[in-house]
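J.: Sequence plus the predicted model coming up.
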Amino acid sequence: MIYEKVVSIICDQLGLDEDDISPDSVLMDIVDDSIDLVELVKAFEDEFNLVVPDEEFENFTTVSDVVKYLEEN
């Protein structure tokens, strides 16, 4: 369930098709720049009602990293 919501947020924020996203998708490969990545993390924070500390945010390499973080927090 969390994975599907994360993919939905990514697609909404970046205008991508869900078929373009997999758990192994590298975030920096699917965003245009670091500003898009910051906005994406903000959308995750809003949706899941949490704050992602900068030191955690820097560890997000793939979509599965985001999902794992959200599942654990």
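T.: Perfect, I can see it now.
J.: can you count the residues close to residue 50?
T.: Burial of residue 50 is recorded as 12 neighbouring residues (other Cβ atoms under 10 Å). C-beta coordinates here come from the backbone N, C-alpha and C atoms, glycine included.
J.: residue contacts, it?
T.: Neighbouring residues of residue 50 by Cβ atoms under 8 Å, 6 or more residues apart in numbering: 70, 73.
J.: Now do the SS call for it.
T.: coil (DSSP: H, G, I helix; E, B strand; the rest coil).
J.: which phi and psi does it have?
T.: When read as degrees, to the nearest 10, the backbone of residue 50 gives phi -150, psi 170.
J.: That one and residue 28: what is the separation?
T.: In this view, residue 50 and residue 28 are 22 Å apart by Cβ to Cβ, to the nearest Å.
J.: For stretch 7-16, list every residue counted as buried.
T.: Using 16 or more other Cβ atoms under 10 Å as the test for burial, stretch 7-16 gives 7, 9, 10, 11, 13, 14.
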